[in-house]
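# task: produce atomic coordinates for the following.
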Amino acid sequence: MNKRMFSELSLETKRAKLFSVIKQKAGEFFTDEEIKDIIKKLDLSKQFTVKVVNDPFEFNSLAKEYYVHDEHSWAGESKFTSNVDVLFAEDDFKSGMVDSYVFYRNGNEETSSREERDAEFNVDARYVIAVYEHDYDGYDGKNLHTYTNKLVIYIPKEVLINEVISEFIAD
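Down below sits the predicted model:
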């Protein structure tokens, strides 16, 4: 659905559509009440892509707040930032962080710094996070801003395996 069509939807319709998508992608792992509570915490003026993840390494990468800034002495700059909001956590959660800066003078790297910290979470617990990304391209006189919002649902592999086993036994 494009942004214009999405913006014209009523708040109730946005809630219902998002509930339906979450229910379809991960409904067997969350109660209806849990899904409703997750949706209540979101800013529904923003459109979200829903992504279900069961790999802890992939979730760790998505659960980091990024501030990445590349700057060139005469060509411009690019920046990528992301913020993470926890919407559901079965256990303690702390987002990770990537802070990176590189300055190039005439194409040669002159200054750089990088700090990175993994997210802290229990790989055996369920989590739902909202990731708000902003990508800025200011190279060669461009002034391009791209905003992306993701709803990331982490379901541990063990939970997935247990669900399949219990369905198999029930059949």
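
# after the longest helix seen in the chain, next one along is what?
Longest helix in the chain, counting residues (DSSP state H): helix 11-26. Going down the chain from helix 11-26, the next helix or strand is helix 32-40, by DSSP states H and E.

# packing partners for that following helix?
Under the contact definition 3 or more Cβ pairs under 8 Å, 6 or more residues apart in numbering; DSSP states H and E, helix 32-40 sits against helix 11-26, strand 76-89. Placement of C-beta: from N, CA and C, glycine included.

# need the winner for burial among the ones you listed.
Counting by mean count of other Cβ atoms under 10 Å, strand 76-89 has the highest mean neighbour count of the helices and strands packed on helix 32-40, with a mean of 17.

# measure the residue nearest the centre of the chain to L9 for me?
What sits nearest the mean C-alpha location of the chain, by Cα atoms, centre = their mean, is V131, with 3.1 Å. Going from V131 to L9 by Cβ to Cβ, to the nearest Å gives 22 Å.

# before we move on, the earlier item: what angle sits between the longest helix of the chain and helix 32-40?
Relative orientation of helix 11-26 versus helix 32-40 (axes from the mean of the first three to the mean of the last three Cα atoms, to 10 degrees): 120 degrees.

# for helix 11-26, packing partners?
If contacts are counted by 3+ Cβ pairs under 8 Å, 6+ apart, helix 11-26 sits against helix 32-40, strand 49-53, strand 144-154.

# just the buried residues of the longest one, please?
Read that as strand 144-154. 150-154 (16 or more other Cβ atoms under 10 Å).

# residue contacts, the nearest residue to K23 once chain neighbours are set aside?
Nearest residue to K23, sequence neighbours excluded (Cβ to Cβ, 6 or more residues apart in numbering): I35, at 6.4 Å. I35 sits next to 19, 22-23, 27 when contact means Cβ atoms under 8 Å, 6 or more residues apart in numbering.
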